[in-house]
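Below are the sequence and a predicted model; questions follow.
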Amino acid sequence: MIVIETHHRASPELLAATNHLIPQLSSSFAGLTMERLEAVLVHESVTFFVARADSAIVGLLTLAMFPLATGLRAWIEDVVVDTSARGQGAGDALVNAAIATARDAGARTVDLTSRSDREAAHRLYERMGFVRRETNVYRFSLDN
Ligand SMILES: CC(C)(COP(=O)(O)OP(=O)(O)OC[C@H]1O[C@@H](n2cnc3c(N)ncnc32)[C@H](O)[C@@H]1OP(=O)(O)O)[C@@H](O)C(=O)NCCC(=O)NCCS
């Protein structure tokens, strides 16, 4: 059974899970210290979701919400499920929990980006009702 939790304080367990799981999403991830993880988790705009299966952490998702003149917006980032636990609904449960939190907070939209080769992710998001937008995503790298 998959259980979803939210966390607003860092712990050794969360740090170990983050440093194990995020490299399965990003090859450039250098690893976090406890202080950096704590800074993310205590931020008022951030809700950090954890999926557990048989008490072990198997997945993560970060939801960021921020107010704009056009309404409260929500972004889903850093969605990852351990290779050993994929296909059991953890991704679905994490995204569902994030949508429910955004809805309860009054967000107008939930956005995310996903690289074109992430086929399992696209299948998951489209199955859950995300609609692909025709837009360009730009990035200005600040290198910090
Ligand atoms: C995308 C990801 C989070 C989905 O997690 P998950 O827990 O496997 O999600 P679900 O079990 O809810 O299944 C989602 C889809 O994954 C695919 N899937 C199913 N079994 C799978 C398996 N054993 N291995 C890989 N993908 C599988 C299926 O297409 C499934 O959709 P379906 O149920 O409609 O067939 C996970 O594959 C992952 O971490 N991928 C690498 C990182 C990544 O791409 N993150 C998303 C960034 S935008």
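Great, that's in hand. Numbers count the residues shown, from 1 in each chain.

ok, the nearest residue to residue 31 once chain neighbours are set aside to residue 88 distance?
Once flanking residues are discounted, residue 31 sits nearest to residue 19: 5.0 Å by Cβ to Cβ, 6 or more residues apart in numbering. For glycine as for every other residue, the C-beta is placed from the backbone atoms N, C-alpha and C. Distance, residue 19 to residue 88, using Cβ to Cβ, to the nearest Å: 22 Å.

Next, the residue nearest the centre of the chain: secondary structure please.
Central residue check for the chain by Cα atoms, centre = their mean: the C-alpha nearest the mean position is that of residue 61, 2.3 Å away. What DSSP: H, G, I helix; E, B strand; the rest coil gives for residue 61 is strand.

and it, what does it touch?
48, 49, 51, 76, 77, 78, 79, 80, 94, 95, 97, 98 (Cβ atoms under 8 Å, 6 or more residues apart in numbering).

Equivalent analysis for residue 74, please.
So residue 74 contacts 63, 64, 65, 98, 102, 105, 107, 109, 110, 111 (Cβ under 8 Å, 6+ apart).

Any idea how many residues pack against the fifth one?
When counting by other Cβ atoms under 10 Å, one arrives at 23 neighbours for residue 102.
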